[in-house]
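Visitor: predicted model and sequence below, questions to follow.
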Amino acid sequence: MPSPRIAAATTHSSVRLWSVLAGGAALRLALSTTSLPEILQDRNELVTPITSFTRCKHSLHWSTLQEGFYLVNTLKQDPYLGGSFHHPPLLLLLSQLVSPKTRPLFAHLAWTATDLVTAYYLARVAQRRSKEAVLKDDEQLWSPSSVAALYVILPLAEHNVPGSFPSFFEQRYCLHPFSIATGLSLSTQVFSHHFVVLALLSAIQGTSFSTLPFFRNAYSAVFAISIASHFSLYPVLLLPPLVVLAHRQNPRSTSIARAAIFASAAFVSHQAVVLGLSYYLAGSWNFFSSVYGVILTIPDLTPNIGISWYFFIEMFDHFRAFFVGVFQIHVLIYVAPLTFAFRSDPMFTLVLMVGIIALFKSYTALGDFALWHAVLALYSELASHITRPLVYFGLTLYALALLPSFHHLWLYSGSGNANFFYASTLVWAIGQGGLLIEVLDAKLKREVVNTLDEQGRELVKKGRWRVLQRVNLVRPSDQSTGKEDEIPTGRKSVPLGSIPSNCNMRWYAEQRTTISSLKTDGLEIIKLPEGNYGHAALAQDTAQVVVTMLGKIVAINPSTGMPPVYLRDADIERVGRPELFSRQIGLELATQAVVHSYGFE
């Protein structure tokens with residue numbers, strides 16, 4: 001039986017959850033009765049050729065879905081032959097029920113209901129992760145400035161306590177201004193986002209890949225991502241980390257390789273059924289190139305907030321096929337390394353991939369970033385490790401002001417050109433791309449900080465320690481000479497803590513202080529500051545860094561228990577300080593090291 005406190009917190013959380021859902025519904029429906037939807041339905045920041053429910057043609061608003069349904073059922077013509085209709089055949093069924101012309105309220109009810117269910121699913125995902133994530137007390141406090149900078153929300157929440165975490169997180173999507181504007185514009189993105197979030201929820205709820213009932217959560221996740229891919233193609237890139245996430249909920253059920261095979265087979269089978277049904281509805285395979293080909297080849301260069309349209313406007317036709325391939329592969333190449341690097345936390349891979357897809361997909365809209373900002377709130381603990389939130393918040397507001405202004409100057413007043421609007425999209429890409437890199441940086445920093453003890457974490461928090469990135473400075477050794485080929489660093493001296501361990505991108509903490517050094521006959525004598533070195537494991541890691549890189553270090557913190565590593569006798573004689581190489585390392589010598597130098601000039 002749950003305690004009265006837990007029961008009260010759960011009840012309060014449920015009340016807040018439904019209150020936010022009701023507020024989101026009321027806000028959307030109230031705005032739908034104004035003239036705002038008609039304005040937003042033609043804004044290229046919100047709709048694209050593949051997501052627009054209505055498109056402006058010759059100053060008349062024509063419903064492309066209604067137009068497609070009319071061509072199929074009345075004129076018996078293929079709507080995909082004209083090259084202007086890019087919705088999948090399954091969305092044609094919506095035109096039988098909803099129409100912004102004849103049934104505007106019903107259309108907005110359908111879009112609002114989809115958004116609210118998506119928000120509810122997001123709250124469930126957050127609730128599930130809040131049970132698994134181990135957060136410290138200071139990481140469970142939300143700063144209004146950080147929230148405003150990172151998630152661009154309407155309400156400013158207070159403290160994130162366990163009872164209010166799901167409802168607080170749910171506000172990120174339900175009351176996100178990008179989400180509200182996307183719903184009012186009747187963009188079909190809401191359906192793709194709905195199934196993406198449903199896939200996340202199904203995968204994180206726990207599953208077993210050992211059997212194949214439809215109701216198994218893993219297969220439900222695969223089927224949901226298959227439908228999302230049918231609407232916009234790019235969600236297929238989420239399949240690998242999604243499989244890893246589902247497998248981690250029940251790793252003993254089967255191996256990861258077998259789970260991947262089952263998931264791939266389920267995805268292909270479901271796609272075969274969906275494509276077969278689409279063929280039945282369309283009457284031909286012409287929809288395939290019009291729906292999926294337009295995403296891959298980018299023939300429609302209608303301006304949007306992405307970075308592809310202007311790039312291919314300026315591209316010579318002779319090189320277009322090559323660079324289109326490069327552009328699409330660029331999104332694909334992130335999947336494998338991120339899935340492998342964060343295999344212990346596949347949800348974070350999904351968060352990163354949602355942001356990467358939103359940034360680099362062919363036809364980008366603000367609704368893509370609404371979803372990314374929402375799932376990004378899953379990792380509230382990273383907020384304190386974001387170093388420049390004000391910069392990215394400022395770039396976001398700056399770009400949001402520039403986009404409609406430069407669009408008007410270009411296409412309406414005639415006082416600008418395409419470069420104006422494209423410059424504003426670059427500002428937007430820099431802001432969101434920089435935030436994406438900062439999130440990755442913050443994740444890796446936090447992993448390092450959590451390896452420290454309380455004293456070490458306090459030093460990092462106070463700014464006396466900093467987390468740095470290791471970079472490779474050493475090429476593979478020459479097999480003929482057996483000698484390593486060091487790459488000059490371009491620095492006057494190399495502090496002990498800044499020497500990397502290997503070619504991989506790794507992270508470590510380094511004391512924020514000056515390290516004195518003295519060069520003698522090609523050797524560099526480095527003296528670390530007096531006092532507490534901070535953390536035993538950290539000192540051991542720093543020592544191991546130099547041992548791995550050069551194999552030549554003698555000064556090691558005694559608290560680590562590591563044996564000393566000796567230089568060659570010739571090196572000892574050249575230094576003229578043999579006492580440094582005694583097997584008994586005294587406290588007075590624990591802060592000294594001799595490192596062989598090969599040109600760190």
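Guide: Good, I have the coordinates. Numbers count the residues shown, from 1 in each chain.
Visitor: low pLDDT regions in the chain?
Guide: Within the chain, the ranges that satisfy pLDDT under 70 run 1-13, 54-78, 82-83, 94-103, 130-174, 206-216, 451-601.
Visitor: longest helix anywhere in it?
Guide: For the chain, the helix that runs over the most residues, judged by DSSP state H, is helix 418-449.
Visitor: let me see the domain layout of this protein.
Guide: Domains of the chain are assigned by automatic domain parsing as 4-449, 475-596.
Visitor: ok, back up a step: now the longest helix of the chain: buried residues?
Guide: 420-422, 424-425, 427-429, 431-433, 435-436, 438-446, 448-449 (16 or more other CB atoms under 10 Å). From N, CA and C alone the C-beta is placed, and that goes for glycine too.
Visitor: that helix packs against which elements?
Guide: Packing partners of helix 418-449 (3 or more CB pairs under 8 Å, 6 or more residues apart in numbering; DSSP states H and E): helix 309-313, helix 346-360, helix 389-411, helix 454-461, strand 465-469, strand 507-511.
Visitor: what would those look like in TSV with mean neighbour count and distance to S32?
Guide: Converted to TSV, those look like this (neighbours: other CB atoms under 10 Å; distance: least, CB to CB, whole Å):
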stretch	mean neighbour count	distance to S32
helix 309-313	17	29
helix 346-360	23	25
helix 389-411	17	21
helix 454-461	15	47
strand 465-469	17	47
strand 507-511	19	48
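Visitor: output the ones you listed in CSV, with distance to Q127 appended to each entry.
Guide: Formatted as CSV, these follow (distance: least, CB to CB, whole Å):
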stretch, distance to Q127
helix 309-313, 39
helix 346-360, 13
helix 389-411, 26
helix 454-461, 27
strand 465-469, 30
strand 507-511, 30
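Visitor: can you tell which of these is closest to F340?
Guide: Relative to F340, the nearest member of the helices and strands packed on helix 418-449 by CB to CB is helix 346-360, separated by 9.0 Å.
Visitor: and the next helix-or-strand element following the closest one, what does it pack against?
Guide: Using DSSP states H and E, the next helix or strand after helix 346-360 towards the C-terminus is helix 366-376. Helices and strands touching helix 366-376, by 3+ CB pairs under 8 Å, 6+ apart, are helix 104-132, helix 144-151, helix 165-174, helix 177-184, helix 189-204, helix 346-360.
Visitor: before we move on, the earlier item: can you state the direction angle for the longest helix of the chain and helix 346-360?
Guide: Helix 418-449 runs at 170 degrees relative to helix 346-360, counting by axes from the mean of the first three to the mean of the last three CA atoms, to 10 degrees.
Visitor: in stretch 375-392, what's buried?
Guide: 375-386, 389, 391-392.
Visitor: about what we covered before: nearest to S229, of the helices and strands packed on helix 418-449?
Guide: In terms of CB to CB, the element of the helices and strands packed on helix 418-449 nearest to S229 is helix 346-360, at 11.3 Å.
Visitor: that closest one to helix 189-204, inter-axis angle?
Guide: Helix 346-360 and helix 189-204 are oriented at 160 degrees to each other (the same axes, to 10 degrees).
Visitor: kindly export helix 346-360 (C-alpha atoms) in CSV.
Guide: The C-alpha trace of helix 346-360 is given here as CSV (Å, rounded to 0.1, in the frame of the first residue of the first chain):
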residue,chain,number,x,y,z
PRO,A,346,19.5,4.9,-25.6
MET,A,347,16.9,7.5,-24.7
PHE,A,348,19.5,10.2,-24.9
THR,A,349,20.4,8.9,-28.4
LEU,A,350,16.7,9.3,-29.4
VAL,A,351,16.7,12.9,-28.0
LEU,A,352,19.8,13.7,-30.0
MET,A,353,18.5,12.1,-33.2
VAL,A,354,15.2,14.0,-32.9
GLY,A,355,17.2,17.3,-32.7
ILE,A,356,19.5,16.3,-35.6
ILE,A,357,16.5,15.3,-37.8
ALA,A,358,14.7,18.6,-37.0
LEU,A,359,17.9,20.5,-38.0
PHE,A,360,18.9,18.7,-41.2
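Visitor: before we move on, back to that, nearest to S14, of the helices and strands packed on helix 366-376?
Guide: Closest among the helices and strands packed on helix 366-376, using CB to CB: helix 165-174, at 8.0 Å.
Visitor: picking up where we left off before, can you tell me which of the buried residues of stretch 375-392 is nearest A30?
Guide: A377 (25.1 Å).
Visitor: separation between the closest one and V331?
Guide: Distance from A377 to V331, counting by CB to CB, to the nearest Å: 23 Å.
Visitor: with F267 instead?
Guide: F267 is 18 Å from V331, by CB to CB.
Visitor: between those two, which has more neighbouring residues?
Guide: F267 (20 against 17; other CB atoms under 10 Å).
Visitor: pretty sure that one contacts I225?
Guide: Yes: using CB atoms under 8 Å, F267 is in contact with I225, at 7.4 Å.
Visitor: who touches both of those two?
Guide: Listed as contacting both F267 and I225 by CB atoms under 8 Å, 6 or more residues apart in numbering are V236, L239.
Visitor: which residues touch the residue nearest to V331 when sequence neighbours are not counted?
Guide: Residue nearest to V331 in three dimensions, not counting chain neighbours: F360, with 4.8 Å by CB to CB, 6 or more residues apart in numbering. Taking CB under 8 Å, 6+ apart, we find F360 in contact with G306, I307, F327, H330, V331.
Visitor: the second one should be in a helix, yeah?
Guide: No: applying DSSP: H, G, I helix; E, B strand; the rest coil, one finds I307 to be coil, outside a helix.
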